[in-house]
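Asker: sequence and predicted structure, then a few things I'm wondering about:
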Amino acid sequence: MIKRLRSSFSARLLAGGLVLALSVIGATSAYLLISRDRQTRGTAVSNADNRALVARQMLQQITAFQLHEAAQRLAGQEALRSLLAAGPSADAQLAQQLSGASSLVSLSRTSLLVAGSDGRVVFTTQPPSQPHADGSLGSVRAALTGRNAAGVEIVAGQLPAYDVAVPVLAADGRVLGAVVEVAPLSEQLDQLKVITGYPTAFIPADRTQLELRFTLGRTDATPDALSGGLKAGDDVVNATYTGSDGEEVAGSFAAIAAPGETRPAGWIGVEIPLSVFAGGERDDEITVGLIALLATLVLATAVFVFVHRVVRRPVAALERGVRRIAGGDYTEDVPVRSADELGRLAQGVNRMRASIADYVEELDAARARLDTSVRRLAAVSRALTTTGAGVAELERAVVRTAAGMFGSPMAALLCVRDGEDLLVRAVHGLDGVPRLEEWGVTEALLSGHGVRVESAPPGWHAGGLVAAPMLYQGAVVGALAVLTPKGALPLEGDERGLAVLANNAANALENTRLFELKADFLATVQHELRTPLTAIVGLLDLLELLGPQWDEEHRADAVRSARVSALQMCDMVETMLDVSQMAAGSLQVHPRPTPVAEAARGALAAIRERSVDGLRVDVEVTAPEDLTVAADPPRLRQVLQALLDNAVKFTPAGGHVTLRAGHDGRPDLVLIEVIDDGPGIAGEVLPRVLEPFYQVDGTATRNHNGAGLGLALARQLTELHGGHVELDSAPQQGLRVVLHWPAASEAPDEDDSVPTGAAAQVELA
């Protein structure tokens, strides 16, 4: 039997065909799988590079900026310069003063160091458990030459830290000393883990064989794959290798310089498991195996038919037909002249031709769809990454992209959520400000569903509409809609492309808004704290220089003015601390029956105390002496002080402010109203007045001070007590603030308190 098979032409042809087919399929499969693996590794390394570079930028731009600002504020204080200029004899006095003020000049998770001109350490806030920095730090040496310095260095040969040093300069330019903010690198990298998405590590330049993984609490050996780039001092060192946990990873480390130098002090980076980027390789292997099996079976059948039915003319016709198909001509079938095996083979070839033609057509359609998707994604990327001029410009870029992403010229709308309505914020290709609710899609969009409408409502010169909700952290914050030209209908699949743009736009807009808000708030707080501080320092300098020449009345006026500025600064700091506690859920109130009139008088007295020249407006308090509410007395007084302060601040000289309270027909509720004669607020921005950090006039040249926190905190404290706030205003008609506060019932126990929590806490931006 075996001898017959060996001498059989069909068996030998079948064996040869099988070997050839398996070789080709095996080589092709290996090439595809190897290419897939290389692509996966390249993608992983590129992603790791981006995360490592982001981590470095956060240290060099955000952390360094914050540390420099903190160090610069302290270095600019006249008292510090005077004591450093006095030399070592004043070190004890300087350390004593800084000990009392260190919380105001040093950031959280950092340590402060003050050095004299000879490098001696005058004061430090470093914990005893940490290695202590001294005058040998590179940052200190650089600062003592009159230069600012920032970078990573090893404190006391043990603790990697990112520190920023600022020289303390005398009026004649002499270097009196240095102020250094030292941030342990372990804590900074632990914070960066939220941004990078993976634990960060540090490789010191003087010990490149060690990989310090602070967030995991261990030290590993540096992989050999990274040693070449580390020894060469490359800016970015990356590779794929087996990590310390036995898993294949892509590691990327970005160099970070030492203070005052260009050489790397080390490299910070991340390691990302390759499994995150690996696609369905197992599915690819199964698919390749099935294709190989199918090809083998088809080849075996063709060989047997060919061998058993050796007919020249039909075979020649079949050969010509197969050659035509192989050349890419799928227009004609192979002639079928018989119903036997050869005829059936010809029919099979014809079916194969039809299948290939259909498959090629599907491939062309898929390629066209892929090209369209690539263009759409490219447009989305350009719209969201090339616009840096703020929220308004980004909104305009998004609607321009939406209007042009489907090929033919279209119109687009971007709407933001306002309660149960969608307000148009940006328009492209339309005149005026249209109303999206006329299409009847508002409810569906607010519920998080995309919509497709094929007929426009009356008055709209459009063919149809496709719209997608804009989602941010799972919540609908707006919607993006595209209108097709008249006579044209939205295409199937347009919703998916628009949904990608809408969701990415929502994230980009929210991040841009938060960034602008943070920048405005930092500038506002810096301005508002500097104003009273400058007044205090100026008045104290005048007292020191001219006090002996002034009479008692002038000295008292100067002291009173300095005290008012100090009280204003204390109020602002206390407000920011309360807002921080509210956001953290740690602020508590202890409600008990509290007279409204007494709290109002206390609030008014506090405002008078903070006015140097007295109130320039008439303030009237009208509240029954026996009217009580369920409130924490200091917190109620704080709320009323914030409302009265806002009303007095915005009421012109000679105007009138009224605070009145009463039941208004409901025994369980007390209405407290504060009414002023100020300029009023437009309706479209009125709800935002109670948002943290918001100011109607947010420019740096505004006439009224404040950080935009008083009314926001008043609203939060009112809601924490179970009440709520209403606003009523119009331009040039003043502002009316109404507190709906629970009336007092039975007095609670002494230890009763209402903590901030999920039900009472007000979310801060």
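Answerer: Great, that's in hand.

Asker: send the alpha carbons of stretch 177-189 over as PDB?
Answerer: Once non-C-alpha atoms are left out, stretch 177-189 reads as follows in PDB (Å, rounded to 0.1, in the frame of the first residue of the first chain):
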ATOM      1  CA  GLY A 177      21.500  84.100  51.400                       C
ATOM      2  CA  ALA A 178      19.300  81.600  49.800                       C
ATOM      3  CA  VAL A 179      15.700  80.200  50.200                       C
ATOM      4  CA  VAL A 180      15.300  76.600  49.100                       C
ATOM      5  CA  GLU A 181      12.100  74.600  48.800                       C
ATOM      6  CA  VAL A 182      12.900  70.900  48.900                       C
ATOM      7  CA  ALA A 183      10.300  68.400  47.600                       C
ATOM      8  CA  PRO A 184      11.100  64.700  48.200                       C
ATOM      9  CA  LEU A 185      11.000  63.000  44.800                       C
ATOM     10  CA  SER A 186       9.200  60.000  46.300                       C
ATOM     11  CA  GLU A 187       6.100  62.100  47.200                       C
ATOM     12  CA  GLN A 188       6.200  64.000  43.900                       C
ATOM     13  CA  LEU A 189       6.400  60.800  41.900                       C
END
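
Asker: distance from that stretch to the middle of the chain?
Answerer: Between the mean C-alpha point of stretch 177-189 and the mean C-alpha point of its chain there is a distance of 24 Å (C-alpha atoms, centre = their mean, to the nearest Å).

Asker: where does Ala44 land in three-state SS?
Answerer: Counting by DSSP: H, G, I helix; E, B strand; the rest coil, the backbone at Ala44 sits in helix.

Asker: contacts only, for it.
Answerer: Shown in contact with Ala44 (C-beta atoms under 8 Å, 6 or more residues apart in numbering): Thr240, Ala250, Ile272, Leu274, Val276, Phe277. Placement of C-beta: from N, CA and C, glycine included.

Asker: if we use 10 Å, what do you get?
Answerer: Remark: with contacts taken as C-beta atoms under 10 Å, 6 or more residues apart in numbering, Ala44 is in contact with 238, 240, 248-252, 271-278.

Asker: buried subset of these?
Answerer: Asn238, Thr240, Val249, Ala250, Gly251, Ser252, Glu271, Ile272, Leu274, Phe277, Ala278 (16 or more other C-beta atoms under 10 Å).

Asker: want to throw these into TSV with pLDDT?
Answerer: Written out in TSV, the entries for the buried ones among the contacts of Ala44 read as follows (pLDDT from 0 to 100):
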residue	pLDDT
Asn238	91
Thr240	90
Val249	89
Ala250	90
Gly251	90
Ser252	92
Glu271	89
Ile272	89
Leu274	83
Phe277	74
Ala278	66
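
Asker: those residues in helices, which ones?
Answerer: The helices in this structure, assigned by DSSP state H, contain none of the buried ones among the contacts of Ala44.

Asker: between these, which is closest to Arg715?
Answerer: The shortest approach to Arg715 among these belongs to Ile272, at 43.6 Å (C-beta to C-beta).

Asker: quick check, that closest one in contact with Val249.
Answerer: Yes: in terms of C-beta atoms under 10 Å, Ile272 counts as a neighbour of Val249; the distance is 6.2 Å.

Asker: which residues are common contacts for those two?
Answerer: Once C-beta under 10 Å, 6+ apart is applied, the residues that Ile272 and Val249 both contact turn out to be Ala44, Ala48, Tyr198, Thr240, Gly243.
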